[in-house]
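Trainee: I need the structure of the sequence given here:
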Amino acid sequence: MRETSEDLSELQALLDASLSRSSSHLRSIISTESTLTAEQLTRILTGMCTLALSTVTAKGEPRISGVDGHFLHGKWHFGTARDAVKARHLAARPAV
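Mentor: Sure thing, here's the model as predicted:
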């Protein structure tokens, strides 16, 4: 675990805020007893993980491709080749 106490606090606040905004349907599936804390999550998300990265084309068409992700300091980090199509999509429309 490489997260600082500040990283863990920020991640926990994000997790708490996300759960508090969830729909009643989601809350019927996911209970607070089955959710992980930020500290528990960072102990599980170690090493490289394959992520499904979703971008959109200029026409708004969805594109999904794999990336090697690393969870570090409470955030996902990933890279791709500069000449990859997903790199062009990300440069033009960075929301993923």
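Trainee: other SSEs contacting the longest helix belonging to the chain?
Mentor: Ranked by residue count under DSSP state H, the longest helix found in the chain is helix 5-20. Under the contact criterion of 3 or more C-beta pairs under 8 Å, 6 or more residues apart in numbering; DSSP states H and E, helix 5-20 touches helix 38-44. For the C-beta atoms, the positions are set from N, CA and C on the backbone; glycine is no exception.
Trainee: contacts for the helix it packs on?
Mentor: Residues from elsewhere that reach helix 38-44, judged by C-beta atoms under 8 Å, 6 or more residues apart in numbering: 1, 3, 8-9, 11-12, 15, 36, 71, 74.
Trainee: what's the closest of those to R93?
Mentor: Proximity of the contacts of helix 38-44 to R93 (C-beta to C-beta) peaks at F71, which lies at 23.6 Å.
Trainee: and A95, how many neighbours?
Mentor: 7 (other C-beta atoms under 10 Å).
Trainee: make that G79, sorry
Mentor: Residues near G79, counting by other C-beta under 10 Å: 11.
Trainee: before we move on, what about the one 5 residues further on?
Mentor: Taking other C-beta under 10 Å as the criterion, the count of residues near A84 is 13.
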